[in-house]
Each structure stands twice: as C-alpha cells, then as structure tokens.
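Trainee: turn this into a structure:
(one chain, ligands or ions: 4)
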Amino acid sequence: ITAAPEIPNASLTSGTATCDARVNSKFSQKDPKEGLLDLRILNESLRARVQAGVVGPKAWQQTTELTVESIVRITVSPKFRMNNDTGKGTPERESYDLDIQNIEVIALASESLPSISPNSQLEDRLNNRILDVRHNASGAVFKLHSGMCQLIVEFLCSKGFHWIHTPRIINATVAGDNEFFDLPYFNGDAWLAQSTQHHKQMALSMDMERVFEIGPVFRSEAKSRASSRHLTEFTVLDIAMTFQEDYREVVDTIESMLIFVLTNLQKREKFRQLLDAVRRDHPSAREFSIGLDERGKIPRVTFAEAKRILQQDLGIEANPNKNFTDEEEAALGRHFLATLHTDIFTIEQYPASMRQFNSKASADTPELSNTWDTIVRGREICSGSQRINSYPELCEAMRAGVCGPAMDPEDEKWQPYLSAFKSGMPQHGGCGLGVNRLLQGFLGLKDVREVTLFPRDVNRLAP
Ligand code: ATP
Ligand code: MG
Ligand code: MG
Ligand code: MG
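Mentor: Ligands and ions are numbered 1, 2, ... in the order given. Coordinates of the predicted model:
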C-alpha cells in the first residue's frame, strides 16, 4: 500500500490527500445517498464517509459492491479523529475519520476469502500466509525480522566486518552427515549447503579478517515433521573472525552484537511499536529479559557446569556424555531466568566428541573443545567454535575422526578447502546463528514457523 504518511495522523486539517487503502469490511450504507467504509491505511483502521452526491454515480455503485480486502485509491479531506479532542471548540462529533471526495477501485478481492486471525491454527495461518501477514501482529513480526537484520548489519559493519556471499551449491559434504540434500548437477554430484562454514573460513585465509553473511542453508531434517525448532531451509547469520589471544574474543564480539540487537529492538521507538503490536495478539508472550553477570556480559557456564546444575540443582537425570536434550536446554533456560533473570546465556567447552572435526581442542583438557552454544529462552540459537588453523593439525583431526567417521585429507574433494590451510590460515573462530530462532526466542513465540515468512519442512513446500 502506498499511502500518504500524513493521513493516519490527520486531525483537523484542511486540504485533501490521495492514498491507497484496504477495505476492512463491507460498505455499510446508511441511506440511499450515504454510507461508511472501514479502511486500513498503514495498518491503522479508519472509517470514511462516502456520499453518492460527492463521488458520482459510477464510483458510488462500485463502493456499494466492494469486497473485503480490496484496494481502493481515495482522495480524502481529513475530518477529525475519534478520541482526538483538539480543544479548539468542539466540532460536532461524527463517527468517521475521513470524508471521501473521490474513490477508485485498484484491485477487487474475491468474495470468499478465508477469515484468518492470530487465533487461527498455525497450519491455517501458514496455508493462508498472505492474509495472515497482512494482519497487524504477523506483519509486525516480519518488520521486526527486517529490523533485527538491520541491527545485526549495523553492529557488525561498525566493528569492521565485511559482508560476503558464499555459494549454496557445494562439492563436498562431511562423511557421515546425513542432513544434506543432494542435487543432480549436470555431469556430477553436488549438494545444497547445510552450513557456510568452510567457505567463510576460506575468506579468512584471503585476509578478510572479519566476515559475515546472512542467508539460507538447507538441511534434510526428518525431524522437522514434528519439531517446533527445525525447518529444512532456514536463515543463518554466519560470522567468522581472526583473534589474537583467546577464542573468547570471538564469543565476546558475538555476544556484544546480541546485546546490541536485542536491547535496540526493545528501545528504539519504531521497533517498540512493532513489539507492542506483537504483544497485543500474543498476550502470553513474556517480555525478553537480558540479565548480565558481574562482568557486564551475558552469563557463561561450561558444559560440565551446566550438566551439574541439571543433575544437582534441578534433579534431572542429565547424561554428561551426551549433548543437551531439548528438555535439558529448556530446564536450563528456566533456571537462569529464575537465578540470573536472563533469557540468554552461553555454554562453552563442549566435549570434542560432540562437535565438528575442525573444532580446536581445549589447551588444558584435549577432550574438551573451544566451542560454545548460546541459548535463548531455553533453546539453542547459535553454535560457535575456534577452528583449527594449522594444516597438519587439521589433517590429523580429519584422520582421527573424533566426532564422526574418519576423513581422508588426500581426498580430491577436500583440496579446495584444505588449500586455504596449506597457504597459511590465521587463528580464527566463528559461529552460525539461526536468525529465525533468535527472533522466535526474543518474541517468546512457540514455533520457528511463526517467524518464518514461508517455512519449509518435511510436509510443507508451499506457499
Ligand atoms: P539443533 O541442535 O537445534 O538441531 P544444530 O546444533 O544442529 O541445532 P547448528 O549446526 O549448530 O545447529 O546450526 C547453527 C544454528 O542454526 C543453530 O544454533 C540454530 O539456531 C540454527 N538451526 C540449526 N538447524 C536448524 C533447523 N533445522 N531449522 C532452523 N534453525 C536451525
Ligand atoms: Mg541439528
Ligand atoms: Mg545443537
Ligand atoms: Mg549447534
């Protein structure tokens, strides 16, 4: 909708303005010559008076036949807004905001559109995504998605990161990984990128120093049939950067970004208004809470400490030799909210066996790795690690197969990746952060599909 921005706030002004508006409900005719039309302009609902004598017979006829969701172009002279007492005398109050001088039908909507509200079943909302997102709260979610990406870019660019774009069609997959979609590709095999990790590392070997990208990755997740956190295509913020002393420089930078993004989404006026719109339709969604620790940073615990909290403080039978289950992550989320008043925290130093082959082993305890996950409202949103940068060490890790089947560094398919290490790779780390998951957790919505414009899962390839 292109609308004159002054219209929604029009009060007692003279003159006319032209803008496009959606029809909110059928024309209600008061008498043969006059009626009221409920319109939506820039998400604001307004009531307009239409008079046959003013708009002329053809436009009057078309107005009486207007269907809900149609688009009309109107020329209006603003009356006064309901509830808007200017104090300048009391003009006779009428129950409309605008007086229509001219009306033209731009697009007539079908008569029988489904009725979709925020309370409709998620499946119905997704099947009718256009009508759903047109609705205020769903629309606000995707405007916040845009705002979140803008804030991410704003922060990273201010810290010297370069925005890159790496390929989604790739030539090699990690052995044993069954989450890849393969792709018939001319004369050979290709796969859809399941993460961008190898290419963003290669960019660091090009002396880019700090890089990021935001884009889709694809995973053949059978569990997306029933999971509220897994899709088969989703948007990831990928970050990679070099560091000097300690991989925690990388963790600190990414956490600072998260604090910047999440606080500004709550603080800046335009985002605040969108958040309020989401809250109106989802009243049970609690405000997001960022509790910082005594360092002024996002609270951080080790994998071992988190398992200990689960077992000893929360009485949960958590297996220390397995990664966290969804329930364990959720329990930790509740624990840190209750104790540190935070919906966000980081777990670091995972056992090397649970992470990827190229994760750097911890200096003191080689069974552990310099890796971390960030948890938002009890759900993983980000995984990161220091990656091995030495070529011999990386080859050794590939052969050892600590966290999966062994890989052969001589294999031709790995040569493009390994050339980045043969030619000297700086010390570095990085992460993949699920943008959909971050927004879902921030808003306190239940399913990652709610914050994905056109979600893809085992059962859904459309709209
Ligand atoms: P999970 O444990 O939830 O399966 P993961 O550890 O397999 O996630 P990573 O490989 O670490 O995921 O990917 C980086 C980030 O991408 C995750 O932290 C998460 O935010 C997001 N992500 C991963 N898989 C999915 C998915 N199937 N749908 C939506 N987001 C995902
Ligand atoms: Mg997974
Ligand atoms: Mg995980
Ligand atoms: Mg992960």
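Trainee: what's the spacing between the spatially most central residue of the chain and ligand 1?
Mentor: Against the mean C-alpha coordinate of the chain, by C-alpha atoms, centre = their mean, the closest residue is residue 436 at 3.3 Å. As judged by C-beta to the nearest ligand atom, to the nearest Å, residue 436 and ligand 1 stand 6 Å apart. Quick note: C-beta positions are derived from backbone N, CA and C, even for glycine.
Trainee: residue 399 is in contact with residue 409, correct?
Mentor: Yes - Residue 409 is within contact range of residue 399, at 6.8 Å (criterion: C-beta atoms under 8 Å).
Trainee: need the next SSE after the lowest-mean-pLDDT helix or strand in the chain, C-terminal direction.
Mentor: Least confident helix or strand of the chain, by mean pLDDT, DSSP states H and E, is strand 71-78 with a mean of 88. Toward the C-terminus, strand 71-78 is succeeded by strand 98-107 as the next helix or strand (DSSP states H and E).
Trainee: ok, that following strand: who's next to it in the sheet?
Mentor: The strands that strand 98-107 pairs with in its sheet are strand 44-51 (parallel), strand 71-78 (antiparallel) (by DSSP bridges).
Trainee: mean confidence for stretch 117-127?
Mentor: Regarding stretch 117-127, the rounded mean pLDDT is 92.
Trainee: and residue 409 and residue 399? Which one has more around it.
Mentor: For residue 409 versus residue 399, neighbours defined as other C-beta atoms under 10 Å are more numerous around residue 409 (18 against 13).
Trainee: which one is the more buried one nearest to, not counting chain neighbours?
Mentor: residue 395 (4.1 Å; C-beta to C-beta, 6 or more residues apart in numbering).
Trainee: state the distance from the one you found to ligand 1.
Mentor: Residue 395 is 23 Å from ligand 1, by C-beta to the nearest ligand atom.
Trainee: verify the stated contact: that residue with residue 407.
Mentor: No - using C-beta under 8 Å, residue 395 makes no contact with residue 407, being 9.4 Å away.
Trainee: and the angle for the longest helix anywhere in the chain with strand 44-51?
Mentor: For the chain, the longest helix by residue count, based on DSSP state H, is helix 136-158. Computed with axes from the mean of the first three to the mean of the last three C-alpha atoms, to 10 degrees, the direction of helix 136-158 lies at 130 degrees from that of strand 44-51.
Trainee: now helix 136-158: buried residues?
Mentor: By neighbour count on 16 or more other C-beta atoms under 10 Å, the buried set for helix 136-158 is 136-141, 143-145, 147-149, 151-152, 155-156.
Trainee: stretch 338-356 now?
Mentor: Quick answer for stretch 338-356 (16+ other C-beta under 10 Å): 340, 342-352, 354-356.
Trainee: give the contact list for residue 312.
Mentor: If you count contacts by C-beta atoms under 8 Å, 6 or more residues apart in numbering, residue 312 has none.
Trainee: who does the closest residue to ligand 1 within the chain bridge with?
Mentor: As assessed by C-beta to the nearest ligand atom, ligand 1 sits closest to residue 434 within the chain, at 2.3 Å. Per DSSP bridges, the residues bridged to residue 434 are residue 236.
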